[in-house]
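In: Predicted model follows, preceded by the sequence.
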Amino acid sequence: MDRRIRVLIAKPGLDGHDRGAKVVARALRDAGMEVIYTGLRQTPEMIVSAAIQEDVDAIGLSILSGAHMHYFREVKRLLEEQGASDILLFGGGIIPDEDVPKLKALGVAAVFGPGTSTQEIVDFLKAKVPERWRAQGLS
Amino acid sequence: MRKKHDWLRETYRKSLEKMPERPVAHRTLSEIAPEPLYTPEDIGVLDPEYEEKRGFPGEYPYTRGVYGSMYRSKLWTMRMFAGFGTAEQTNERFKKLLKAGQTGLSVAFDLPTLMGYDSDHPLSKGEVGKCGVAVSSLADMEILFEGINLEEVTTSMTINSPANAIWAMYLAVAKKKGYDWKKLGGTIQNDILKEFIAQKEFIFPPEPSVKLVIDTFEWGPKNVPKWNFISVSGYHIREAGSTAVQELAWTLADGFEYVEAALKRGLDIDEFAPRISFFFDVHNDFFEEIAKFRAARRIWAKEMRHRYGAKRPESWMLRTHAQTAGVSLTAQQPLNNIARVAIQALAAVLGGTNSLHTDAYDEALALPTEESATIALRTQQIIAYETGVTHTIDPLAGSYYVEWLTDEMERQAMAIIEEIRRMGGVVRAIEEGYFLRELAEASYRYQQEVERKERIIVGVNAFTDEIPLKVPIQLVDPEVERVQAERLARVRRERDPKRAEEALKALRQAAVEGQNTMPYFVDCALAYCTLGEMMDVLREVYGTYQEPAYV
């Protein structure tokens, strides 16, 4: 399998706390993935359009401001609208446990809370992304 | 070497005239009565560098504390950061905190406010009232401080890019209520440089941003003389992943950058320097944190006196607020955070902080609940009233380790400060991506050390539990957005449209001509111009800043 996993890491909304997003982006890159980091203050429209343009396998959203329900819902909605709902959506940040099942119900594949090791995220993508490739008949 | 006796007779006594010793037993539980200060003299040793490096509390170079009698007379200000939802909800929380024995207020604003957008702006959607209170106009500010005596309580406001506008709103409230600006005390954070370095809540490019800060340096001392118009902040730098030494160096470098910008405008250093305050993080490495505060005071004093030629002792004194490290708190086994916060708070006190916020144990999960916020405040009170660390000033001075570490941190920080100076200063270093690169390196290195278990975090990579402990968390009512939108609509409907329009026009004119903007911000606030309107005017004049996306 020589195809490399492509991931978009994004910071939606007004929050500028990007330490986690950057540490994750770098760890994924060190694990051999192609990582696109959008930079700060992206709207859901910008994120989804970048994901489609860059043909990524997964989108990771980092949200610490408490606005996670809003942003995940919007990104998921736009992915569906654009016929790209097979792009794996995951995320992390300060997200209360109570909200995790709600996010899963929206179709968010995984939520990584504070204290997650970057290896866990690497393992998750390595397990899930090939499923997407198989579904697309790519691998 | 100068005798301790002389210091007691001169500096200490003078300090007591201003603020007598607190009427509590300055005695240990065995009834031993420690003196206010201990020096090499007390244990019969020689320290030839004592006066130059350590000196006495309340005296240059202030390594041992900025005030002569420190906590013997006045405890640090217990200032808990609070704010969520609407102005009404936060006002209620403020009143509870004051009733619980807190001695100062500290306002957390929501992200739209921090970024200079009104609550009904499209980009505010989903964020209104979430991680702080929403303040879009004087109407919100009036509700926020309803029933609070602004001459009695000092208020700190964590606001940066829109600091001039928010400060103007606070001053407008005071004016309308008949309070005397000369009696108002408090702090606006107003430290834009660290936003470009770490926290990223910038609006305009660095240069006009610094210009707005210097407007407050010029206008503040003349109009609101007791107000700290800046709190140069290392906190966010550390939370974004720097080391303690980087935090120390970059914060002081930011401070010097403002001093130089103010001098360039022709301001008198001894007029503005005494109102510059600082804000540091306190992480888990106990002695490193204590040494950081001591080194910070010494570096600032030396540089202000010798490099910048400040003459008044008040200009040499680094007064600081501190906050325990939010980033050190774990979502796993959250009650352990109470222990972490207590240790960090103790380090801040032993480091001689002048004001302190303690984090609530549930902050890795959500905003604090009322109960968790109270425990955090009680933690400070236990340190203040039960541990006896306030009996004597700077009790760790003379520890071989603490003194060595203080010297070492000073040496390493000065090397970084010199490097930044060689680059042409902080703004140049920002433009070259220096801070972003350094932060990315430091935070990634730390994360790897944690993952390799070279650094143990209890409950996260060691001593973990199978079944997570649940704690109650604070949720913000989504109704806030609607309430805010209605209030804004009412403000725009009921204000005098001509007055608002003219005030905005005058602000624009001042910005275009490079005049001091502060008086115009005050006029705008009084005319109920909204925050978004004021910031939009400046966005047009100054442009906005886009950070390069660097990983």
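Out: That came in fine, so what should we check first?
In: Any stretches of chain B with poor pLDDT?
Out: Within chain B, the stretches with pLDDT under 70 are B:468-469, B:473-476, B:550-551.
In: what about the residue most central in space within chain B, which helix or strand?
Out: In chain B, the C-alpha closest to the average C-alpha coordinate belongs to residue B:279, at a distance of 3.6 Å (Cα atoms, centre = their mean). Here residue B:279 sits within strand B:276-282, counting by DSSP states H and E.
In: where do the helices sit along the stretch 151-300 of chain B?
Out: Under the criterion DSSP state H, counting those that start in this stretch, the stretch 151-300 of chain B contains helices at B:163-177, B:193-194, B:206-223, B:235-239, B:244-264, B:269-272, B:286-302.
In: what inclination does the fifth one have with respect to helix B:286-302?
Out: Note on geometry: by axes from the mean of the first three to the mean of the last three Cα atoms, to 10 degrees, helix B:244-264 and helix B:286-302 are set 20 degrees apart in direction.
In: Would you indicate which residues of helix B:244-264 are buried?
Out: The neighbour-count check on helix B:244-264 (16 or more other Cβ atoms under 10 Å in any protein chain shown) flags B:244-262 as buried. Where C-beta positions appear, they are placed from N, C-alpha and C, glycine not excepted.
In: need the longest helix for chain A.
Out: Taking DSSP state H as the criterion, chain A has its longest helix at helix A:118-135.
In: What lies in contact with that helix?
Out: Helix A:118-135 is contacted by residues A:1, A:3, A:5, A:7, A:23-24, A:27-28, A:31, A:33, A:57-58, A:60, A:86-88, A:90, A:92, A:109-110, A:112, A:139, B:447, B:451 when judged by Cβ atoms under 8 Å, 6 or more residues apart in numbering or on different chains.
In: Under a three-state scheme, what state does the most centrally placed residue in chain A occupy?
Out: Closest to where the C-alpha atoms of chain A average out (Cα atoms, centre = their mean) is residue A:60, at 1.6 Å. Assigned with DSSP: H, G, I helix; E, B strand; the rest coil, residue A:60 falls in the strand class.
In: Enumerate every residue touching it.
Out: Residues in contact with residue A:60 (Cβ under 8 Å, 6+ apart) are A:7-10, A:21, A:24, A:90-92, A:121.
In: In strands, which of the residues you listed appear?
Out: A:7-10, A:90-92 (DSSP state E).
In: May I have the beta-bridge partners of the spatially closest residue to residue A:7 that is not a sequence neighbour?
Out: Closest residue to residue A:7 apart from its sequence neighbours, by Cβ to Cβ, 6 or more residues apart in numbering or on different chains: residue A:58 at 4.8 Å. Using DSSP bridges, the bridge partners assigned to residue A:58 are residue A:7, residue A:88.
In: Check which element follows whichever strand or helix holds residue B:108 along the chain.
Out: Element membership for residue B:108, per DSSP H and E: strand B:104-108. The helix or strand immediately downstream of strand B:104-108 is helix B:111-114, counting by DSSP H and E.
In: how about that next one, does it reach chain A?
Out: Yes - applying Cβ under 8 Å from any Cβ of the partner chain, one finds helix B:111-114 in contact with chain A at B:111-112, B:114.
In: okay, the angle between the lengthiest helix in chain B and helix B:286-302?
Out: Criterion DSSP H: the longest helix present in chain B is helix B:400-423. Interaxial angle, helix B:400-423 versus helix B:286-302 (the same axes, to 10 degrees): 50 degrees.
In: Can you tell me what sits against whichever helix or strand comes after helix B:400-423?
Out: Moving toward the C-terminus from helix B:400-423, the next helix or strand (DSSP H and E) is helix B:426-431. Under the contact criterion Cβ under 8 Å, 6+ apart, helix B:426-431 has outside partners B:193, B:196-197, B:206-207, B:210, B:250, B:253-254, B:257, B:420, B:423, B:435.
In: re the thing from before, buried ones among the contacts of helix A:118-135?
Out: A:5, A:7, A:23-24, A:27-28, A:31, A:33, A:57-58, A:60, A:87-88, A:90, A:92, A:109-110, A:112, B:447.
In: In contact with residue B:288, which residues are there?
Out: B:244, B:405, B:409.
In: what about the helices in chain A?
Out: Going by DSSP H, chain A shows helices at A:19-30, A:44-53, A:68-81, A:99-106, A:118-135.
In: can you tell which of those helices is closest to residue B:86?
Out: helix A:68-81 (18.1 Å; Cβ to Cβ).
In: Need the max-distance pair from the ones in strands among the contacts of residue A:60.
Out: A:8 and A:92, at 14.1 Å, using Cβ to Cβ across the ones in strands among the contacts of residue A:60.
In: Which residue lies closest in space to the closest residue to chain A within the stretch 51-200 of chain B, excluding its sequence neighbours?
Out: For the stretch 51-200 of chain B, the residue closest to chain A is residue B:200, as judged by Cβ to the nearest Cβ, at 2.6 Å. Spatially, and ignoring its direct neighbours in sequence, residue B:200 is nearest to residue A:16 (2.6 Å; Cβ to Cβ, 6+ apart).
In: what about the one you found, neighbour count?
Out: 22 (other Cβ atoms under 10 Å in any protein chain shown).
In: re earlier: of the residues of helix B:111-114 next to chain A, which is the most crowded?
Out: residue B:112 (30 neighbours).
In: Let me see the contact set for the residue nearest to the centre of chain B.
Out: B:189, B:191, B:231-235, B:320-323.
In: List just the nearest of these to chain A.
Out: residue B:235 (12.3 Å).
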